[in-house]
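In: based on what follows, work out the 3D shape:
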Amino acid sequence: MLKNIKNYAMALGGLAIALSLTFMSFKASVVEKTSRKTLSFQTWRFVETVDSDPTNPENYVLQQLSDPPCGTIEKKICTITAPDDGNGLPDLQEQMFDPVTNNDQTIEHLIDRAQTSLSSTPTTNVAVLAFKNL
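Out: Below is the predicted model of the structure:
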């Protein structure tokens, strides 16, 4: 009888551990998804403050309503969307879902891909919103 009680107690303990691990895993997943949704993406204008590298966050300022439109001549990146990195610059290491690859990609990678497309068929994407003339 004592052996049965021990086995029952061990099984019950194992079940409790399994349930708590499942709950903790579910909770971590919910927290991660919730934190991703709270990011505030803003439109940034490429102004080449430091150099001509569109993957340098220091080359962007927040888009203003008074800024001229990007135009229709597609020679270089004009605007991107990205969250603020906390220092008043776009966070180019943040990831976005890319429907072309069906995976998350960094904004920097998406900028590189759009920049590369300028040599053939200029193509915007989920991060690069528009191109402009030189």
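
In: the helices in the chain, which residues?
Out: Assigned by DSSP state H, the helices in the chain fall at 2-37, 107-117.

In: by mean pLDDT, show me the worst of these.
Out: Lowest mean pLDDT of the helices of the chain: helix 2-37, a mean of 53.

In: what's the residue nearest to the spatial centre of the chain in contact with, if anything?
Out: Within the chain, the residue whose C-alpha comes closest to the C-alpha centroid is Q95; the distance, by Cα atoms, centre = their mean, is 2.3 Å. Taking Cβ atoms under 8 Å, 6 or more residues apart in numbering, we find Q95 in contact with D104, Q105, T106, I107. All C-beta spots, glycine's among them, are computed from the backbone N, C-alpha and C.

In: beta partners for it?
Out: On DSSP bridges, the residues paired with Q95 through beta bridges are T106.

In: ok, it to D51 distance?
Out: Between Q95 and D51 the distance is 25 Å, computed by Cβ to Cβ, to the nearest Å.

In: make CSV out of the contacts of Q95 and add distance to K132 and neighbour count.
Out: Below are the contacts of Q95 laid out as CSV (distance: Cβ to Cβ, whole Å; neighbours: other Cβ atoms under 10 Å):
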residue, distance to K132, neighbour count
D104, 27, 12
Q105, 23, 19
T106, 23, 18
I107, 18, 26
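
In: let me know the closest of the residues you listed to S40.
Out: Of all these, the one with the least separation from S40 (Cβ to Cβ) is I107, at 14.0 Å.

In: can you give me the domain assignment for the chain?
Out: What the record gives for the chain is the domain set 1-37, 41-132, from automatic domain parsing.

In: got the contact list for I73?
Out: I73 sits next to F131, K132, N133 when contact means Cβ under 8 Å, 6+ apart.

In: if you set the cut-off to 6 Å instead, what comes out?
Out: The neighbourhood of I73, defined by Cβ atoms under 6 Å, 6 or more residues apart in numbering, consists of N133.
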